[in-house]
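Colleague: Task: produce atomic coordinates for the following.
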Amino acid sequence: MDAFLRGLPKAELHLHIEGTLEPELAFELAERNGVRLRFATVEELRAAYDFSDLQSFLDLYYEGASVLRTERDFYELTLAYLRRVAADGVRRAEIFFDPQTHTQRGVAFTTVLDGLSRALDDGEAELGISCGLILCFLRDLPAEAALATLEEALPHADRLLGVGLDSAEVGNPPERFAAVFERARAAGLRAVAHAGEEGPPDYIRQALDLLGVERIDHGVRATDDPELLARLVRERVPLTVCPLSNVRLKVFDRLEDHNLPQLLAAGAAVSINSDDPAYFGGYVGENYVATQRALGLSAHDMVRIARSSLEATFTSAAQRQALLAELDAYVAAHDG
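Modeller: Below you'll find the predicted structure:
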């Protein structure tokens, strides 16, 4: 089963590229760029990956991102991620990046984008993984800062799939960013948003109604609101769920307690993703394997999850059909 799950053709739709910064690479980049980390060794840094909530993770996440300074840094980070998930059956990756994390440190927006874009091009040529970028706004910063970032990004819109909303959810409702998302959608960018991870179900509703999003990142709090869950099912709104992340950030105490089976039973379009895999103990393959084991999901359930991931991609209809055909062929080859 483990090999079957890792080989399933799948898409990763909820992945923060800054969250793939492994401790070894963090130290390598820190030395190269003259950045002093407060940890003496790789082991000491990895031991710090014990979080009490989302904010405790974000504090370390932003500190780690401080080693990313040059186009080469972003290129190496991204290509390392793509090479790692190629072995996990990832055929399409729609990758989040947080430009505000870098521009407020004096790193130029184009430095970030150029490094990421070049890695995606090289990764597709080397590995055959189709890729795209989603620019995320930090919701704990003012909406005016998000709008300024968007305006800086729009001349490069041809290199972006869409926009998203991430960072500390509690106390930072989606409604604050309605005008920013309206501007992005008017420019032809797709829209997603983190909602219903630590925040209430109403944040999911705001993301749908006020931001016009097409996917909800996380969305696990939807089971607290049966009417909302029924709407998500009826409207086929994809939920990009991150099981290992949810456990590491104490959304659920144990993976066995996760509500993914409840979401599946309701008919929700659920995909499994890794979120920030260097920090949360597993890339997408580990998320598939650990979730199947902990929740006793069937092979049919897991194929359905992989299918939902491909169906929710922001790619062309032709490419989506090709990816789904690849999944069907893989399942047929392993039937029985």
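
Colleague: is it true that residue 116 touches residue 132?
Modeller: No - applying Cβ atoms under 8 Å as the test, residue 116 and residue 132 come out as separate, 10.5 Å apart. Every C-beta, even on glycine, is put in place using the N, C-alpha and C of the backbone.

Colleague: Which one of these two is surrounded by more residues?
Modeller: residue 116 (23 against 18; other Cβ atoms under 10 Å).

Colleague: Regarding the more buried one, which helix or strand does it belong to?
Modeller: helix 109-127 (DSSP states H and E).

Colleague: Between residue 116 and residue 132, which contacts overlap?
Modeller: Common neighbours of residue 116 and residue 132, using Cβ atoms under 8 Å, 6 or more residues apart in numbering, are residue 95.

Colleague: now the strands: where do they sit in the protein?
Modeller: With DSSP state E, the ranges of strands along the chain come out as 10-12, 90-97, 130-138, 162-166, 190-195, 215-218, 239-241, 270-272.

Colleague: Send me the fourth one as PDB with only the CA atoms.
Modeller: Once side chains and other backbone atoms are set aside, the C-alpha atoms of strand 162-166 remain, and they are given as PDB (Å, rounded to 0.1, in the frame of the first residue of the first chain):
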ATOM      1  CA  GLY A 162      -3.100  33.400  -8.700                       C
ATOM      2  CA  VAL A 163      -3.100  34.900  -5.200                       C
ATOM      3  CA  GLY A 164      -3.700  33.400  -1.700                       C
ATOM      4  CA  LEU A 165      -3.900  34.500   1.900                       C
ATOM      5  CA  ASP A 166      -1.800  32.900   4.700                       C
END
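
Colleague: Check which helices and strands that strand is in contact with.
Modeller: With contacts taken as 3 or more Cβ pairs under 8 Å, 6 or more residues apart in numbering; DSSP states H and E, strand 162-166 sits against strand 130-138, helix 178-186, strand 190-195.

Colleague: what's the answer for the fifth one, then?
Modeller: Using 3+ Cβ pairs under 8 Å, 6+ apart as the contact definition, the elements that strand 190-195 packs against are strand 162-166, helix 178-186, helix 201-209, strand 215-218.

Colleague: Could you tell me the angle between that strand and strand 162-166?
Modeller: Relative orientation of strand 190-195 and strand 162-166, computed by axes from the mean of the first three to the mean of the last three Cα atoms, to 10 degrees: 10 degrees.

Colleague: what pLDDT does residue 336 get?
Modeller: The per-residue pLDDT reported for residue 336 equals 58.

Colleague: Revised request: answer the last question for residue 53.
Modeller: Residue 53 carries a pLDDT value of 86.

Colleague: Surely it and residue 197 touch.
Modeller: No - counting by Cβ under 8 Å, residue 53 does not reach residue 197; the two are 10.6 Å apart.
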